[in-house]
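*Asks:* Sharing a model prediction with you, sequence too.
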Protein chains: 2
Amino acid sequence: MPTDHLSSTLSALADPTRRAILARLALGETTVSELARPFEMSLPAVSKHLKVLEHAHLIERGREAQWRPCRLAPAPLKEVASWVEQYRRLWEERFVRLDVYLKEIQKGQSDDTDK
Amino acid sequence: MPTDHLSSTLSALADPTRRAILARLALGETTVSELARPFEMSLPAVSKHLKVLEHAHLIERGREAQWRPCRLAPAPLKEVASWVEQYRRLWEERFVRLDVYLKEIQKGQSDDTDK
DNA sequence: TATGTATTAAACCGATAAGTTAATTAACCG
DNA sequence: CGGTTAATTAACTTATCGGTTTAATACATA
(Lines give C-alpha, C1' and ligand atoms only; values in the text may rest on other atoms or scores of the structure.)
Protein backbone atom coordinates (compact mmCIF):
# COMPACT_ATOMS: atom_id res chain seq x y z
CA MET A 1 0.00 0.00 0.00
CA PRO A 2 1.99 2.78 -1.44
CA THR A 3 2.41 5.71 0.86
CA ASP A 4 5.15 7.40 -1.11
CA HIS A 5 4.53 10.82 -2.51
CA LEU A 6 4.89 10.07 -6.20
CA SER A 7 2.57 7.10 -6.00
CA SER A 8 -0.20 9.06 -4.37
CA THR A 9 0.22 11.83 -6.93
CA LEU A 10 0.00 9.42 -9.87
CA SER A 11 -2.89 7.61 -8.26
CA ALA A 12 -4.75 10.88 -7.85
CA LEU A 13 -4.13 11.69 -11.51
CA ALA A 14 -5.27 8.27 -12.74
CA ASP A 15 -8.90 9.29 -12.87
CA PRO A 16 -10.47 11.29 -15.69
CA THR A 17 -12.85 13.13 -13.36
CA ARG A 18 -9.99 14.35 -11.22
CA ARG A 19 -7.95 15.39 -14.24
CA ALA A 20 -10.97 17.30 -15.52
CA ILE A 21 -11.21 19.04 -12.17
CA LEU A 22 -7.56 20.04 -12.40
CA ALA A 23 -8.13 21.31 -15.92
CA ARG A 24 -10.97 23.48 -14.67
CA LEU A 25 -8.84 24.78 -11.83
CA ALA A 26 -6.10 25.69 -14.25
CA LEU A 27 -8.51 28.38 -15.40
CA GLY A 28 -8.80 29.73 -11.89
CA GLU A 29 -9.98 29.20 -8.37
CA THR A 30 -13.60 28.17 -7.90
CA THR A 31 -16.09 26.49 -5.59
CA VAL A 32 -17.04 22.87 -5.10
CA SER A 33 -20.51 23.28 -6.59
CA GLU A 34 -19.09 25.00 -9.62
CA LEU A 35 -16.56 22.20 -10.06
CA ALA A 36 -19.30 19.61 -9.73
CA ARG A 37 -21.62 21.19 -12.29
CA PRO A 38 -20.23 19.50 -15.44
CA PHE A 39 -20.31 16.01 -13.95
CA GLU A 40 -23.14 13.54 -13.81
CA MET A 41 -22.43 12.52 -10.27
CA SER A 42 -23.48 13.56 -6.82
CA LEU A 43 -21.88 16.39 -4.93
CA PRO A 44 -20.42 14.08 -2.26
CA ALA A 45 -18.70 12.13 -5.02
CA VAL A 46 -17.01 15.29 -6.25
CA SER A 47 -16.19 16.22 -2.69
CA LYS A 48 -14.39 12.91 -2.31
CA HIS A 49 -12.43 13.48 -5.50
CA LEU A 50 -11.37 16.84 -4.13
CA LYS A 51 -10.24 15.22 -0.94
CA VAL A 52 -8.07 12.84 -2.93
CA LEU A 53 -6.55 15.75 -4.85
CA GLU A 54 -5.99 17.68 -1.65
CA HIS A 55 -4.34 14.72 0.02
CA ALA A 56 -1.99 14.51 -2.97
CA HIS A 57 -1.28 18.24 -2.52
CA LEU A 58 -2.54 18.89 -6.04
CA ILE A 59 -5.07 21.41 -4.78
CA GLU A 60 -5.37 23.76 -1.85
CA ARG A 61 -8.54 24.96 -0.24
CA GLY A 62 -9.66 28.10 1.47
CA ARG A 63 -12.67 29.27 3.45
CA GLU A 64 -14.89 32.08 2.39
CA ALA A 65 -18.23 32.16 4.15
CA GLN A 66 -19.93 28.86 3.30
CA TRP A 67 -17.70 28.21 0.31
CA ARG A 68 -14.47 26.25 0.25
CA PRO A 69 -12.74 27.64 -2.81
CA CYS A 70 -10.29 25.29 -4.49
CA ARG A 71 -7.16 26.29 -6.32
CA LEU A 72 -4.56 24.35 -8.20
CA ALA A 73 -1.29 23.50 -6.43
CA PRO A 74 0.71 22.15 -9.33
CA ALA A 75 3.99 21.52 -7.55
CA PRO A 76 3.61 17.72 -7.43
CA LEU A 77 3.28 17.69 -11.21
CA LYS A 78 6.86 18.79 -11.34
CA GLU A 79 7.83 15.61 -9.60
CA VAL A 80 5.84 13.57 -12.11
CA ALA A 81 7.46 15.45 -14.97
CA SER A 82 10.96 14.79 -13.75
CA TRP A 83 10.20 11.13 -13.14
CA VAL A 84 8.87 10.74 -16.68
CA GLU A 85 11.79 12.69 -18.02
CA GLN A 86 14.11 9.87 -16.99
CA TYR A 87 12.59 7.85 -19.78
CA ARG A 88 12.47 10.48 -22.45
CA ARG A 89 15.51 9.27 -24.32
CA LEU A 90 14.01 5.80 -24.41
CA TRP A 91 11.08 6.81 -26.54
CA GLU A 92 13.00 9.16 -28.75
CA GLU A 93 14.28 8.01 -32.08
CA ARG A 94 17.91 7.83 -31.17
CA PHE A 95 17.07 5.16 -28.67
CA VAL A 96 15.00 3.20 -31.16
CA ARG A 97 18.09 2.79 -33.32
CA LEU A 98 20.13 1.88 -30.28
CA ASP A 99 17.51 -0.66 -29.29
CA VAL A 100 17.62 -2.30 -32.68
CA TYR A 101 21.39 -2.40 -32.45
CA LEU A 102 21.31 -3.96 -29.00
CA LYS A 103 18.85 -6.59 -30.10
CA GLU A 104 21.11 -7.46 -33.01
CA ILE A 105 24.21 -7.98 -30.97
CA GLN A 106 22.15 -9.79 -28.39
CA LYS A 107 21.04 -12.21 -31.09
CA GLY A 108 24.56 -12.46 -32.46
CA GLN A 109 26.21 -13.64 -29.30
CA SER A 110 24.39 -16.63 -27.83
CA ASP A 111 26.73 -17.17 -24.90
CA ASP A 112 25.38 -16.63 -21.42
CA THR A 113 24.32 -13.04 -21.10
CA ASP A 114 23.90 -12.88 -17.38
CA LYS A 115 22.22 -9.95 -15.67
CA MET B 1 -11.58 -0.15 -15.08
CA PRO B 2 -10.85 3.33 -16.28
CA THR B 3 -11.16 2.78 -19.99
CA ASP B 4 -9.22 5.74 -21.29
CA HIS B 5 -5.62 5.24 -22.23
CA LEU B 6 -4.04 7.91 -20.07
CA SER B 7 -5.87 6.75 -16.96
CA SER B 8 -4.69 3.19 -17.32
CA THR B 9 -1.13 4.39 -17.92
CA LEU B 10 -1.13 6.59 -14.83
CA SER B 11 -2.79 3.88 -12.80
CA ALA B 12 -0.10 1.42 -13.86
CA LEU B 13 2.59 3.90 -12.84
CA ALA B 14 1.00 4.63 -9.46
CA ASP B 15 2.74 1.72 -7.81
CA PRO B 16 6.34 1.75 -6.61
CA THR B 17 6.89 -1.90 -7.46
CA ARG B 18 5.83 -1.35 -11.05
CA ARG B 19 7.97 1.76 -11.36
CA ALA B 20 10.93 -0.20 -10.01
CA ILE B 21 10.27 -2.85 -12.64
CA LEU B 22 10.29 -0.20 -15.35
CA ALA B 23 13.53 1.21 -13.97
CA ARG B 24 15.10 -2.22 -14.16
CA LEU B 25 13.85 -2.69 -17.70
CA ALA B 26 15.35 0.63 -18.70
CA LEU B 27 18.67 -1.13 -18.23
CA GLY B 28 17.65 -3.84 -20.66
CA GLU B 29 15.39 -6.75 -21.41
CA THR B 30 15.18 -9.49 -18.81
CA THR B 31 13.09 -12.36 -17.47
CA VAL B 32 10.25 -12.47 -14.97
CA SER B 33 12.27 -14.28 -12.31
CA GLU B 34 15.09 -11.79 -12.66
CA LEU B 35 12.62 -8.92 -12.31
CA ALA B 36 11.09 -10.55 -9.25
CA ARG B 37 14.37 -11.14 -7.45
CA PRO B 38 14.67 -7.76 -5.68
CA PHE B 39 11.14 -7.84 -4.32
CA GLU B 40 9.80 -9.44 -1.20
CA MET B 41 6.74 -10.81 -2.84
CA SER B 42 5.70 -13.98 -4.58
CA LEU B 43 6.32 -14.63 -8.24
CA PRO B 44 2.60 -14.57 -9.10
CA ALA B 45 2.40 -11.12 -7.58
CA VAL B 46 5.16 -9.88 -9.87
CA SER B 47 3.51 -11.66 -12.77
CA LYS B 48 0.35 -9.70 -12.07
CA HIS B 49 2.26 -6.44 -11.97
CA LEU B 50 3.74 -7.31 -15.34
CA LYS B 51 0.31 -7.99 -16.70
CA VAL B 52 -0.81 -4.56 -15.56
CA LEU B 53 2.20 -2.96 -17.25
CA GLU B 54 1.58 -4.97 -20.40
CA HIS B 55 -2.06 -4.00 -20.49
CA ALA B 56 -0.99 -0.37 -20.24
CA HIS B 57 1.41 -1.02 -23.14
CA LEU B 58 4.35 -0.01 -20.98
CA ILE B 59 6.11 -3.30 -21.58
CA GLU B 60 6.18 -5.92 -24.31
CA ARG B 61 6.89 -9.59 -23.87
CA GLY B 62 8.51 -12.27 -25.94
CA ARG B 63 8.98 -16.02 -25.79
CA GLU B 64 12.31 -17.72 -25.59
CA ALA B 65 12.16 -21.33 -24.49
CA GLN B 66 10.64 -21.30 -21.02
CA TRP B 67 11.34 -17.62 -20.48
CA ARG B 68 9.06 -14.69 -21.23
CA PRO B 69 11.53 -11.83 -21.63
CA CYS B 70 10.14 -8.39 -20.86
CA ARG B 71 11.25 -5.16 -22.45
CA LEU B 72 10.28 -1.59 -21.93
CA ALA B 73 7.78 0.01 -24.33
CA PRO B 74 8.01 3.60 -23.22
CA ALA B 75 5.65 5.17 -25.76
CA PRO B 76 2.80 5.77 -23.28
CA LEU B 77 5.17 7.81 -21.13
CA LYS B 78 5.20 10.34 -23.91
CA GLU B 79 1.50 10.82 -23.43
CA VAL B 80 1.99 11.33 -19.71
CA ALA B 81 4.77 13.82 -20.37
CA SER B 82 2.67 15.90 -22.71
CA TRP B 83 -0.28 15.86 -20.34
CA VAL B 84 1.88 17.07 -17.50
CA GLU B 85 3.48 19.62 -19.77
CA GLN B 86 0.15 21.47 -19.95
CA TYR B 87 0.69 22.52 -16.36
CA ARG B 88 4.33 23.43 -16.52
CA ARG B 89 3.60 27.12 -16.95
CA LEU B 90 1.45 27.07 -13.82
CA TRP B 91 4.08 25.72 -11.50
CA GLU B 92 6.75 27.85 -13.04
CA GLU B 93 4.65 30.96 -12.52
CA ARG B 94 4.08 29.95 -8.97
CA PHE B 95 7.78 29.52 -8.53
CA VAL B 96 8.36 32.94 -10.04
CA ARG B 97 5.84 34.52 -7.69
CA LEU B 98 7.42 32.75 -4.75
CA ASP B 99 10.81 33.88 -5.93
CA VAL B 100 9.65 37.47 -6.13
CA TYR B 101 8.11 37.21 -2.71
CA LEU B 102 11.26 35.78 -1.23
CA LYS B 103 13.33 38.53 -2.78
CA GLU B 104 10.96 41.09 -1.33
CA ILE B 105 11.13 39.83 2.20
CA GLN B 106 14.82 39.39 1.75
CA LYS B 107 15.08 43.04 0.86
CA GLY B 108 12.74 44.05 3.65
CA GLN B 109 14.45 42.16 6.39
CA SER B 110 18.14 42.49 7.11
CA ASP B 111 19.04 38.83 6.89
CA ASP B 112 17.14 35.69 7.66
CA THR B 113 18.52 33.77 4.76
CA ASP B 114 18.10 30.10 5.25
CA LYS B 115 18.95 28.28 2.08
C1' DT C 1 -34.54 32.57 15.49
C1' DA C 2 -35.68 30.14 11.48
C1' DT C 3 -34.49 29.01 6.84
C1' DG C 4 -31.90 28.28 2.85
C1' DT C 5 -27.31 27.27 0.76
C1' DA C 6 -22.68 25.08 0.47
C1' DT C 7 -20.17 21.39 1.82
C1' DT C 8 -18.77 17.41 4.32
C1' DA C 9 -19.56 13.14 7.10
C1' DA C 10 -21.52 8.52 7.77
C1' DA C 11 -23.02 4.35 6.36
C1' DC C 12 -23.37 1.41 2.88
C1' DC C 13 -22.54 -1.25 -1.71
C1' DG C 14 -20.39 -3.45 -5.72
C1' DA C 15 -16.24 -3.73 -8.25
C1' DT C 16 -11.49 -4.00 -8.52
C1' DA C 17 -6.61 -4.14 -6.76
C1' DA C 18 -3.00 -6.51 -4.57
C1' DG C 19 -1.46 -10.04 -2.30
C1' DT C 20 -1.35 -15.11 -0.86
C1' DT C 21 -0.94 -20.49 -1.72
C1' DA C 22 -1.68 -24.33 -4.60
C1' DA C 23 -2.24 -26.19 -9.04
C1' DT C 24 -1.20 -26.02 -14.03
C1' DT C 25 1.07 -25.22 -18.39
C1' DA C 26 5.23 -25.14 -21.14
C1' DA C 27 9.76 -26.03 -22.25
C1' DC C 28 14.25 -27.94 -21.36
C1' DC C 29 17.39 -31.86 -20.04
C1' DG C 30 19.09 -36.36 -18.32
C1' DC D 1 9.67 -40.88 -19.79
C1' DG D 2 10.53 -38.28 -15.45
C1' DG D 3 12.29 -34.33 -13.24
C1' DT D 4 13.39 -29.40 -13.09
C1' DT D 5 12.76 -24.67 -14.14
C1' DA D 6 9.91 -20.64 -15.70
C1' DA D 7 5.82 -18.59 -15.58
C1' DT D 8 0.90 -18.32 -15.38
C1' DT D 9 -3.80 -19.54 -13.75
C1' DA D 10 -7.16 -20.46 -10.21
C1' DA D 11 -9.22 -19.67 -6.05
C1' DC D 12 -9.34 -17.04 -2.23
C1' DT D 13 -8.79 -12.98 1.22
C1' DT D 14 -8.54 -8.34 2.42
C1' DA D 15 -8.53 -3.59 1.49
C1' DT D 16 -9.40 0.31 -1.21
C1' DC D 17 -12.10 2.92 -4.74
C1' DG D 18 -15.84 5.24 -6.60
C1' DG D 19 -20.20 5.84 -6.25
C1' DT D 20 -24.81 6.20 -3.76
C1' DT D 21 -28.34 8.21 -0.16
C1' DT D 22 -29.21 10.32 4.07
C1' DA D 23 -27.79 13.18 7.77
C1' DA D 24 -24.99 16.69 9.86
C1' DT D 25 -22.29 21.04 9.91
C1' DA D 26 -21.23 25.85 8.92
C1' DC D 27 -22.47 30.09 7.44
C1' DA D 28 -25.67 34.06 5.63
C1' DT D 29 -29.65 36.37 5.82
C1' DA D 30 -34.54 37.57 6.43
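*Replies:* Yep, that arrived.
*Asks:* Contact residues of chain A facing chain B?
*Replies:* Within chain A, the positions near chain B by C-beta under 8 Å from any C-beta of the partner chain are A:2, A:4, A:6-8, A:10-11, A:13-16, A:19, A:22, A:26, A:72, A:74-75, A:77-78, A:80-81, A:83-88, A:90-91, A:102, A:106, A:115. From N, CA and C alone the C-beta is placed, and that goes for glycine too.
*Asks:* Now list the buried members of those.
*Replies:* Buried members of the residues of chain A next to chain B, counted by 16 or more other C-beta atoms under 10 Å in any protein chain shown: A:6-8, A:10-11, A:13-15, A:19, A:22, A:72, A:74, A:77-78, A:80-81, A:83-84, A:87, A:90-91.
*Asks:* Narrow those to those in helices?
*Replies:* Residues of these located in helices (DSSP state H): A:6-8, A:10-11, A:13, A:19, A:22, A:77-78, A:80-81, A:83-84, A:90-91.
*Asks:* how about the residues of chain A that lie near DNA strand D?
*Replies:* By C-beta under 7 Å from any atom of the strand, the residues of chain A that approach DNA strand D are A:1, A:11, A:14-15, A:17, A:40-42, A:44-45, A:48-49, A:52, A:63, A:65-66.
*Asks:* Give the PyMOL command for selecting the buried subset of these.
*Replies:* The following PyMOL line selects those of the residues of chain A next to DNA strand D that are buried, judged by 16+ other C-beta under 10 Å:
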select buried, chain A and resi 11+14+15+17+49+52
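*Asks:* Identify the residues contacting stretch A:87-94?
*Replies:* A:95, B:22, B:26, B:72, B:74-75, B:77-78, B:81 (C-beta atoms under 8 Å, 6 or more residues apart in numbering or on different chains).
*Asks:* contacting residues around stretch A:29-44?
*Replies:* For stretch A:29-44, contacts defined as C-beta under 8 Å, 6+ apart pick out A:17, A:20-21, A:24-25, A:45-47, A:50, A:62, A:67-71.
*Asks:* out of these, which is most surrounded?
*Replies:* When neighbours are counted by other C-beta atoms under 10 Å in any protein chain shown, A:Ile21 leads the contacts of stretch A:29-44 with 26 neighbours.
*Asks:* so what's that one closest to, chain neighbours aside?
*Replies:* Computed as C-beta to C-beta, 6 or more residues apart in numbering or on different chains, the closest residue to A:Ile21 that is not its neighbour in sequence is A:Leu35, at 5.6 Å.
*Asks:* picking that back up, out of the residues of chain A next to DNA strand D, list just those in helices.
*Replies:* Within the residues of chain A next to DNA strand D, residues falling in helices by DSSP H are A:11, A:17, A:44-45, A:48-49, A:52.
*Asks:* Much appreciated, bye for now.
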